[in-house]
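Q: here is a sequence with its predicted model. Questions after.
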Amino acid sequence: MNAEAAELKKFGDAAHRWWDLGGEFKPLHDINPVRLNWIQSHASLAGRRVLDIGCGGGILSESMACAGALVTGIDLAEKALKVAGLHAQQSGLSVDYRLISAEQLASEQEKPFDVVCCMEMLEHVPNPASVVQAASRLVRPDGWVFFSTINRNAKAFAVAVLGAEYLLRLLPKGTHSYAKFIRPSELAGWARSSGLQPVEFKGLEFGLLDRAFRLGTNVQVNYFLACRRAA
């Protein structure tokens, strides 16, 4: 299984706070409109079959369902999935949440998805290249795959670990491991070797004055990658 017990426990223990807008998952709520708009700038979601890999408590899954997508959310953190399912039910939304890995789903799935998302997840697994490969197998030809993760360099360590976790306290200490950060060239290489064509990189930037997230061209810390499956 492409997961570490410590990572699953970490997110499982915090599952009950996933929808607390003032808790440790607040940054995910803050960036969600940004990532949803970016996804929709490339792919229409209404009526599309969409897969959210590493869906956690369902923040992105629910927003895509609200946009009219037929969403399947998968994760290996069982407690987080239960929270996601309960919140979707309370919100009157239909999301198919499943306790399964991307690799296992790729081996079982018969009908491919129109859109596959894997956001803020690759830096938490032992073998991110395996997830990229599974995502490629799960999307239809000409379909879109969207990733987001954190670059591996001195600035990323200073901003994403020291700054976000210790100085600004945007995230709990120990949320990220620098050794698991991924350079854009590495992610693009895994994508190409899996049959995906990188289309666009975008950097996710945080304004210290307005404390708001926005997209930009700087991919030195957090970044997004849009890919398209070869026809």
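A: Here it is on my side, so go on.
Q: OK, contacts around residue 67?
A: Residue 67 sits next to 36, 40, 45, 46 when contact means CB atoms under 8 Å, 6 or more residues apart in numbering. Bear in mind the C-beta positions are built from the backbone N, C-alpha and C, glycine included.
Q: part of a helix, is the second one?
A: Yes. Counting by DSSP: H, G, I helix; E, B strand; the rest coil, residue 40 falls inside a helix.
Q: count the neighbours of it for me.
A: 16 (other CB atoms under 10 Å).
Q: list the contacts for residue 66?
A: Residue 66 neighbours (CB under 8 Å, 6+ apart): residue 93.
Q: look up how far residue 82 lies from it.
A: In this structure, residue 66 and residue 82 are 21 Å apart, going by CB to CB, to the nearest Å.
Q: can you give me the strands for this protein?
A: Ranges of strands in the chain, per DSSP state E, are 49-53, 70-75, 96-99, 113-119, 139-150, 196-206, 213-216, 222-229.
Q: right, so of those strands, which gets closest to residue 177?
A: When those are compared for distance to residue 177 using CB to CB, the nearest one is strand 139-150, at 10.1 Å.
Q: quick one, the closest one and strand 196-206 angle?
A: 30 degrees (axes from the mean of the first three to the mean of the last three CA atoms, to 10 degrees).
Q: ok, strand 139-150: who's next to it in the sheet?
A: Its sheet considered, strand 139-150 pairs with strand 113-119 (parallel), strand 222-229 (antiparallel) by DSSP bridges.
Q: that strand: which residues count as buried?
A: By neighbour count on 16 or more other CB atoms under 10 Å, the buried set for strand 139-150 is 139, 143, 144, 145, 146, 147, 148, 149, 150.
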